[in-house]
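[1] can you look at this prediction? I've put the sequence above it.
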Amino acid sequence: MRPGETSARSAAILRAAPSLLLGALLVYLVVVPLFFLGLSSLRPTGFPFDPGWTFDNFRAVYGAPGFGRLIGDTIVFAGGSIAIALTLGTLLAWLVERTDLPGAGFVRALVILPMATPPLLMAIGWAMLLSPRSGALNVWAREWFGLSAAPFNAYSLGAMIFVQGLALTSTAFLFLAPAFRNMDPSLEEAALTSGASTRMLFQRVLIPLLRPAVLAAGVFLLIVGFVVFEIPGTLGMPARIFVLSSQLFYLASEAPGGMPLYGQVGALATLFLLLLLGLGVVYRHFTREASRYRTVTGKGFRPRRMRLGAWRWPALGVVGGYFLLAVIMPVGMLVWMSLMPYQARPSWANLALVTLENHRDFLDTPRVLEAMANTLLVAVVSATAVAILATLISWTTVRLRAPGSAVLDALAFLPIAIPGVMMGVALIYVYLTLDPIIAIYGTVWILIIAYTTDYLSFGTRAAGGVMVQLHPELEEAGRTSGASGFMVLRRITLPLLLPAIAAIWIWVLAHAMRELSTALMLQGRDNQVVTTLLWDYWQGGEPTRAAAVGVWLVVALLLALALWQILARRRERLM
Amino acid sequence: MLRIENLAKRYDTTRADAFAVRDVSIEVAEGEFFTLLGPSGCGKTTTLRSVAGLEMPDAGEIAIAGQTVFSAARGIVVPVARRDIAMVFQSYAIWPHMTVAENVRFPLEAMGVRGAEAVKRVAHALEMVGLAAFRDRPAPLLSGGQQQRVALARAVVKQAKILLLDEPLSNLDARLREQMRVELRDLQRRIGTTAIYVTHDQEEAMALSDRVAVMRDGVVVELAPPRDLYLQPRSIFAARFVGQADLFPCTVILRQDDLVRLRTPLGDLSSKRPVPIEGGPLSLLIRPEHVAFAAPDATGLNILEGTIRRVIFSGRLVEYGVDLVGGATLRVQGTSATLRDEGEVARLYLPPERCVIVQGSPDSDA
């Protein structure tokens, strides 16, 4: 063989190498923790490598008298909140993308506002508004209407559903808006020129075309609805209303005996995991269906917009009402409380009490500064790790189409079905077991691993989507120009993907900054972050200090997400 | 310059008959403009991409300028970057994050050509395609035709032994396509490079090429210079693919010196073309523009009588459908110089030197 020639066999090995390396990493990040979790459920002590086998944990969990109610509440909570989110989200997406709603572009830009309001803060804000004793709305209702009892109760299943529904609406909107926007208007025009009435157009063309996208969004929201902890933890636990995720948290951290019941956590998590994996499979089925229906035929078409006429005022009312309930009221309440010396309701008289004490306090407590530094470190490192890994994985699966791509894809998708609390517990097992070798238990690094795993499914899907859009001939032209694989990656692929990768980076940054449940489970001496601090203040009866922390968190998230939106728009222009 | 031997590639390794390219052997001389012509899915693009190294064939051998770049038997695969080729893509593949000059300079950077030499070669390449004034324009601000020219400049700047072109004109509108066709041919002549061109447009193939290989289902059906391919095709498929064709079954009833007497559904006709020697069924090929209208009282050799049933007027050309006395229908192409009407009785003359005898039956399509 002359120099410059490669044998076919070594080419084949080279082709399989990326999937083997990435596959091993994913198995370590995703499969190993779940395996430990399953193992611990079968151990009497609840630790994966202690001796003995038992089914007691399963009996204790599934035989408990409250188990039926736990499942019932979970289903009502998840189902109710996604019903609200899907209805509101579809309505908003349709109004913004397919009608002549005044200021539709402005509304689209405003969607980052609810995204920048973490569910935890929404829950705290609404608790301040609806708490039976001191909630502002209850106090006013009593004063103005002379009621003897509080009309609202923040600590109820109804309030949980209401707040969670609002919190998920922006996700539903982000899912559905592209489906509404990218629908080829010629499909509608074909129906209209065939003589279809508006009703027939909706029934026979629009609804069937959008059904896969809406169903996919619905299943995705259902997964999220089962996984979320912040709102059930804030509004449900004080009233002893548990759903699966808060039950996991309760067993792992606040069980009556004082000792975490890790074995029972594992047993409960098994059910959870099976349920969510099932939903994950359904979700992938629907997204594939939706992409089969995708009728984008290139740029340059304007979707038909329906004339709202007199309906524009109620439509604007719906949009305004959503932002009022999801952002303005809870965040406004947080801002007010952060300026109060104690939990005083908003009134002209109480304006005299305004003080910057909480904010000043927030900025010169060493504990707070340390939490901020930890948050920033964790968010930046895990965002970078996700951006790199997601790019490599989607490059391997989409572009190289290396052997084993399907497995790689599935492994990277799996974390979406793992609740933060469960991921936390699983990592506790892994790193307590590995402690002498990899001593990261109780440090920021265990959080970084958790978030990298958690957000990998989002990152991989986003990067894969962009990679598919990138015409392969752009890279092939580089290779036929005589450039090495590395030069093509550095000079062509990466520069073209950069805006998209940056958008993924900031998205993960923002979400790692606002995440609570995993951080709470993995909380140790050295890894307190802003959200766990906030939780401690809130649980410890210092709502005004919690509010101050929350206000600054919203400001930071708003900055990050505004940047994200600018980058996402730049990417659309380049493609 | 290019030698392809017994090239084969499966598109689905689990099925025995799933070949994209079955058994292709081609030899292209230096400076030749060679075209792979065929319908979509015939394997022409797979063959081209195998030469570039973008596809990994399952069997066969490819040599560029004497260097073996692929050999399944000897286990040789030269990476794309080390092959002496340049390629123009169907989508142009102009990098949107670079300017025109940066796009064209890229292959030079990849080869390590820098400084004054690189500047000179980029300027020269842009001049050749008439884009010298656009060198600093960002790529997304170019029209389709300009992108096409940048893609060409980026390919020729490399001064590779072989220029590969994958349907480069198919995304342009008709007028621009014809103009670029002429420019492309001139450019190839001027730089004297060997060009391998892939297209499904038979007119494009005829106008550009020194030789054309007609492909179908992963095999080369016929390989000939454009004139031979058009005037003396050796298969029914090629006869139909390269132009309009009326085909009728025929049998040889008499041979006399260089004249062959044929029995056809149109009647008995004379041909001055050779008879295929392979045996089996034969067909008579008549192209509509070869049929002439004869004088109303004309009689004799290859004169047919019929009635005009259909007139399609498309400006420069007029196509007539003529129902012959014997029952068959023949297409005749005329110009707008003389116009005839539906229902008119006409006499047609088939020149014996244009009555081509092709191997195979008209229904076989093979």
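    Great, that's in hand. Residues are numbered from 1 along each chain as shown, chains lettered A, B, ... in the order given.
[2] drop to CA atoms for contacts and neighbour counts, all remaining ones
    OK.
[3] surely residue B:248 is in contact with residue B:284?
    Yes - judged on C-alpha atoms under 8 Å, residue B:248 makes contact with residue B:284 at a distance of 5.1 Å.
[4] okay, and the common contacts of these two?
    Common neighbours of residue B:248 and residue B:284, counting by C-alpha atoms under 8 Å, 6 or more residues apart in numbering or on different chains, are residue B:264.
[5] report the residue spans of the chain with pLDDT below the cut-off.
    No chain in the question, so chain A it is. Applying pLDDT under 70 to chain A flags residues A:1-12, A:184, A:255-258, A:290-304, A:570-575.
[6] not quite, I wanted chain B
    Low-confidence segments of chain B, defined by pLDDT under 70: B:13, B:365-366.
[7] what about residue A:317, how many residues close to it?
    Here the number of neighbours of residue A:317 (other C-alpha atoms under 10 Å in any protein chain shown) works out to 12.
[8] out of residue B:248 and residue B:284, which sits in the busier spot?
    In this comparison of residue B:248 against residue B:284, neighbours counted by other C-alpha under 10 Å, the higher total goes to residue B:284 at 26 against 21.
[9] what's across from the more buried one in the sheet?
    Under the criterion DSSP bridges, residue B:284 forms beta bridges with residue B:248, residue B:357.
[10] and it, what does it touch?
    When the contact criterion is C-alpha under 8 Å, 6+ apart, the partners of residue B:284 are B:247-250, B:264, B:355-358.
[11] can you pick the most crowded of these?
    For these, the largest neighbour count, defined by other C-alpha under 10 Å, is 29 neighbours, found at residue B:357.
[12] isn't it right next to residue B:272, touching?
    No - look at residue B:357 against residue B:272 with C-alpha under 8 Å: they stay out of range, at 9.4 Å.
[13] mind checking how far residue A:567 is from residue A:521?
    Computed as C-alpha to C-alpha, to the nearest Å, the residue A:567 to residue A:521 distance reads 33 Å.
[14] an error on my part: the question was meant for residue B:361.
    Using C-alpha to C-alpha, one obtains 80 Å as the distance from residue B:361 to residue A:521.
[15] which one of those two is surrounded by more residues?
    A count of neighbours by other C-alpha under 10 Å puts residue A:521 above the other of residue B:361 and residue A:521, at 22 against 19.
[16] shouldn't the more buried one be in contact with residue A:427?
    No - no contact is recorded between residue A:521 and residue A:427 when judged using C-alpha under 8 Å, the distance being 9.3 Å.
[17] next, the distance between the ends of stretch B:283-296.
    Across its full length, stretch B:283-296 reaches 28 Å end to end, with C-alpha to C-alpha as the criterion.
[18] list the buried residues of it.
    For stretch B:283-296, a neighbour-count test (16 or more other C-alpha atoms under 10 Å in any protein chain shown) marks B:283-294 as buried.
[19] one more: stretch B:185-201?
    Along stretch B:185-201, these residues count as buried under the neighbour rule (16+ other C-alpha under 10 Å): B:187-188, B:193-201.
[20] the stretch 101-250 of chain B: strands as residue ranges?
    Shown for the stretch 101-250 of chain B, the strands assigned by DSSP state E, counting those that start in this stretch span residues B:162-166, B:194-199, B:211-216, B:219-224, B:246-256.
[21] so what touches the last one?
    When you say that, I think you mean strand B:246-256. Residues outside strand B:246-256 that contact it (C-alpha under 8 Å, 6+ apart): B:260-265, B:281-288, B:330-331, B:361-362.
[22] again, 7 Å this time
    Where contact means C-alpha atoms under 7 Å, 6 or more residues apart in numbering or on different chains, the residues beyond strand B:246-256 that reach it are B:260-265, B:282-287, B:330, B:361-362.
[23] do the fourth one as well
    Strand B:219-224 is contacted from outside by B:21-24, B:211-215, using C-alpha under 7 Å, 6+ apart.
[24] any idea how chain A splits into domains?
    Described in terms of automatic domain parsing, the domain architecture of chain A consists of the residue ranges A:12-32+A:356-575, A:68-240+A:266-328.
[25] surely residue A:448 meets residue A:376?
    No - Residue A:448 lies out of contact with residue A:376 (C-alpha atoms under 7 Å); the separation is 11.0 Å.
[26] more neighbours: those two, which one.
    Just comparing residue A:448 and residue A:376: by other C-alpha under 10 Å the higher neighbour count belongs to residue A:448, 21 against 17.
[27] sorry, back to before: could I get the contacts of residue B:284 as JSON lines with distance to residue A:305?
    As requested, those are arranged in JSON lines below (distance: C-alpha to C-alpha, whole Å):
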{"residue": "B:247", "distance to residue A:305": "54"}
{"residue": "B:248", "distance to residue A:305": "57"}
{"residue": "B:249", "distance to residue A:305": "59"}
{"residue": "B:250", "distance to residue A:305": "63"}
{"residue": "B:264", "distance to residue A:305": "63"}
{"residue": "B:355", "distance to residue A:305": "61"}
{"residue": "B:356", "distance to residue A:305": "60"}
{"residue": "B:357", "distance to residue A:305": "62"}
{"residue": "B:358", "distance to residue A:305": "59"}
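[28] just the residues you listed now: which is nearest residue B:312?
    Set against residue B:312, the nearest of the contacts of residue B:284 by C-alpha to C-alpha is residue B:247 (20.4 Å).
[29] quickly note the distance from the closest one to chain A.
    Using C-alpha to the nearest C-alpha, to the nearest Å, we find residue B:247 at a distance of 40 Å from chain A.
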